[in-house]
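Engineer: Fold the following, please.
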Amino acid sequence: MNNPAGDPSKNAKELSGPVDSDLNDPDEDFRLVARAQGGDLKSYDALITRHRGKIFAMIRNMIHQEADAWDLSQEVFIKAWQALPRFEAKARFSTWLYRIAHNVVYDFTRKRKIESAGELNDEIFNRDRIDPAAVATPGVTEAPDESMAHGELRAKIEAALGKISAEHREVVILKDVQGLSYKEIADAMDCTLGTVMSRLFYARQKLQALLKDEYNSR
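Structural biologist: Below is the predicted model of the structure:
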């Protein structure tokens, strides 16, 4: 079968830098969570440091506005701290965080649609708004592939993602960018495994069609 748009996973990963596997140890997360639940703020700061990049990247890729993504990332970690006493080690801490981020993004988009009749404010990212000492500040230094991703190809991929529904966009980001399993995505999005697989299949097919011209021109 022809695949004019290439590998959808590779397409989506253009939007994200490499993932540090040392930061993906769920056992270390559980140890830090247990300490944080006991009131250890340094342990919660460590959790933020481990997960802030992935949460920021997910939200940034969902709403395409870095300033708002920064604010929403802060909101995710505030809500997570407030809900931390209720967290149980039945799922990964990262999956639990993605679920909170999912809800925060959807609350934001619903509110924004009501206020602006569906039009989003194209606010330009201003790093001066961010306190560089804040523990959840996204990293400023870009990897080489991140620099490339800010070019024309990134713009085309983002445009293609913007043309599919929020549910399909999110499942692509969680699977192909963040590397979550189907079960973790189902938990984060509060849906069945079948729904995740169906959305991912549809989203990849749609992205292939939208990016067909880009790959044919290479």
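Engineer: use CA for all of it now, contacts and neighbours both
Structural biologist: Noted.
Engineer: buried residues in whichever helix or strand residue 158 is part of?
Structural biologist: Assessed by DSSP states H and E, residue 158 sits inside helix 152-162. Residues 153, 154, 157, 158, 160, 161 are the ones in helix 152-162 that count as buried (16 or more other C-alpha atoms under 10 Å).
Engineer: Quick check: next helix or strand after that helix?
Structural biologist: Next helix or strand after helix 152-162 toward the C-terminus (DSSP H and E): helix 166-172.
Engineer: I'd like to know which elements that following helix is packed against.
Structural biologist: Identification of packing neighbours for helix 166-172 by 3 or more C-alpha pairs under 8 Å, 6 or more residues apart in numbering; DSSP states H and E yields helix 41-63, helix 193-210.
Engineer: switch the cut-off to 10 Å
Structural biologist: Helices and strands touching helix 166-172, by 3 or more C-alpha pairs under 10 Å, 6 or more residues apart in numbering; DSSP states H and E, are helix 8-13, helix 41-63, helix 93-116, helix 152-162, helix 182-189, helix 193-210.
Engineer: Which one of these lies nearest to residue 81?
Structural biologist: helix 41-63 (7.9 Å; C-alpha to C-alpha).
Engineer: returning to what we had before: between the helices and strands packed on helix 166-172, which one is closest to residue 79.
Structural biologist: Set against residue 79 and scored by C-alpha to C-alpha, the helices and strands packed on helix 166-172 come closest in helix 93-116, at 7.5 Å.
Engineer: In that closest one, which residues are buried?
Structural biologist: If you call a residue buried by 16+ other C-alpha under 10 Å, then helix 93-116 has these buried ones: 93-102, 104-105, 109.
Engineer: List the contacts of residue 44.
Structural biologist: Shown in contact with residue 44 (C-alpha atoms under 10 Å, 6 or more residues apart in numbering): 29, 32, 33, 34, 35, 36, 37, 50, 77, 80, 81, 84.
Engineer: Looking at these, which is nearest residue 178?
Structural biologist: Closest to residue 178, out of all of the contacts of residue 44 and judged by C-alpha to C-alpha, is residue 50, at 13.6 Å.
Engineer: Correct me if wrong: the closest one contacts residue 56.
Structural biologist: No - under the criterion of C-alpha atoms under 10 Å, residue 50 makes no contact with residue 56, lying 11.7 Å away.
Engineer: remind me which residues of this structure are low pLDDT?
Structural biologist: Applying pLDDT under 70 to the chain picks out residues 1-24, 114-151, 153, 213-218.
Engineer: could you redo the last one with a cut-off of 90?
Structural biologist: Scanning the chain for pLDDT under 90 picks out 1-27, 39, 57, 60-69, 88-92, 109-167, 175-184, 190-195, 197-200, 202-218.
Engineer: And residue 57, how far from residue 170?
Structural biologist: Using C-alpha to C-alpha, to the nearest Å, residue 57 is found at 11 Å from residue 170.
Engineer: my bad, residue 73
Structural biologist: Counting by C-alpha to C-alpha - residue 73 and residue 170 are separated by 16 Å.
Engineer: more neighbours, residue 50 and residue 56?
Structural biologist: More crowded of residue 50 and residue 56, by other C-alpha atoms under 10 Å: residue 56, with 24 against 19.
Engineer: Quick one: the contacts of residue 44 as CSV, columns for secondary structure and distance to residue 44 too.
Structural biologist: Output for the contacts of residue 44, formatted as CSV (DSSP: H, G, I helix; E, B strand; the rest coil; distance: C-alpha to C-alpha, whole Å):
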residue, secondary structure, distance to residue 44
29, helix, 10
32, helix, 7
33, helix, 7
34, helix, 10
35, helix, 8
36, helix, 5
37, helix, 9
50, helix, 10
77, helix, 9
80, helix, 10
81, helix, 8
84, helix, 10
